[in-house]
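Enquirer: Quick one: sequence and predicted model below, then my questions.
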Amino acid sequence: MRDLSPAASVLETYRELLRRLDRWFGGAQARHPGVVPCGAGCTACCHGPFDISVIDTLLIQEAWAGLPAAERDAAKLRAARLASQMNGAAPGWAAPHDIRTLGEDRFDEIVESLEAEPCPLLDDSGRCRIYEDRPLVCRVMGLGIRTPAGRIIENGCPIQDRFPVYEALPPQTFDLEALEETELACLEGAAVVLFDTPAHAGYETTIAHAILEAARRLERGSSSAAPGS
């Protein structure tokens, strides 16, 4: 039977949005064969904490909860270590670990100090445990974007200087504005699921803290409790 819960509904919409983004990325790779090195197994951009949206928080928490127990435990252990480092650098930063309460400047300092730390969802071989459900930011990191409105988003790949032809690749056209309209609805829907109000649509946290909150909810036996409750 199809799951018609609010969480399932918003995640179904968001996953289709992510698939649209993947098709665009795959199309760019096909137009430039052998140029774009991004793909499963490359972990260059999978290090250091970074901010994830409220809908990516919900996506990651569901994906983590669906892993085999041993994989869940391994990811949770890595998340706890990284979260401890972040919390140690920012005493008083409390659940639900909203980056907005910490401040972007302070968060950027923490990111820079921990830039070599692997994502908690990488396994020992460098494989992403939830690759099909990885966050939006992970899917756009390796290509520059030019939008119909004229916005330019630079390629964020940290190792592009190793591939001169790739580094010189111009931004690829993508209707980011249309995607953002759908994303906004997903953000509001996820905020209702996690916080019972769309007012938290701007909530951002880290993968480590998202995993630990999911683990706490799993231990409490309730997937509907709001973070920090």
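Expert: Now that the structure is in, tell me what you want to look at.

Enquirer: Mind naming the longest helix for the chain?
Expert: Of all the segments assigned as helix in the chain under DSSP state H, the longest by residue count is helix 6-31.

Enquirer: What residues of that one count as buried?
Expert: By neighbour count on 16 or more other Cβ atoms under 10 Å, the buried set for helix 6-31 is Ala7, Val10, Leu11, Tyr14, Leu17, Leu18, Leu21, Trp24, Phe25, Ala28, Gln29. C-beta here means a position set from N, CA and C on the backbone, and glycine is covered the same way.

Enquirer: shaky segments in the chain?
Expert: Counting by pLDDT under 70, the low-confidence segments of the chain come to 1-4, 222-229.

Enquirer: Could I get the buried residues of helix 6-31 in CSV, plus columns for distance to Phe50?
Expert: Listed next are these as CSV, based on distance: Cβ to Cβ, whole Å:
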residue, distance to Phe50
Ala7, 23
Val10, 22
Leu11, 21
Tyr14, 18
Leu17, 19
Leu18, 17
Leu21, 17
Trp24, 21
Phe25, 18
Ala28, 22
Gln29, 23
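
Enquirer: related to what we said a few turns ago, give me the contacts around the next helix or strand after the longest helix of the chain.
Expert: The C-terminal neighbour of helix 6-31 among helices and strands, as given by DSSP states H and E, is strand 52-53. Contact with strand 52-53 is made by 60, 135-137, 183, 187, 190, 203-207, 210, as judged by Cβ atoms under 8 Å, 6 or more residues apart in numbering.

Enquirer: which one of the residues you listed sits closest to Glu115?
Expert: Using Cβ to Cβ, Thr206 comes nearest to Glu115 of the contacts of strand 52-53, at 13.3 Å.

Enquirer: Not counting sequence-adjacent ones, nearest residue to the closest one?
Expert: Pro49 (4.6 Å; Cβ to Cβ, 6 or more residues apart in numbering).

Enquirer: How about Gly142?
Expert: Nearest non-adjacent residue to Gly142 (Cβ to Cβ, 6+ apart): Cys38, at 3.6 Å.

Enquirer: so what's that neighbour up against?
Expert: Phe25, Gln29, Met141, Gly142, Leu143, Cys157.

Enquirer: Distance to Ala75 for the residues you listed - can I get that in CSV?
Expert: Output for the contacts of Cys38, formatted as CSV (distance: Cβ to Cβ, whole Å):
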residue, distance to Ala75
Phe25, 25
Gln29, 28
Met141, 20
Gly142, 23
Leu143, 27
Cys157, 24
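
Enquirer: With respect to Thr197, which of the residues you listed is nearest?
Expert: When those are compared for distance to Thr197 (Cβ to Cβ), Met141 wins out at 30.8 Å.

Enquirer: And for the closest one, the neighbour number?
Expert: 18 (other Cβ atoms under 10 Å).

Enquirer: just the strands in the chain please.
Expert: Taking DSSP state E as the test, the strands found in the chain are 52-53, 145-146, 152-153, 172-173, 204-205.

Enquirer: Ala210 is in contact with Pro120, correct?
Expert: No - under the criterion of Cβ atoms under 8 Å, Pro120 is not in contact with Ala210, lying 9.3 Å apart.
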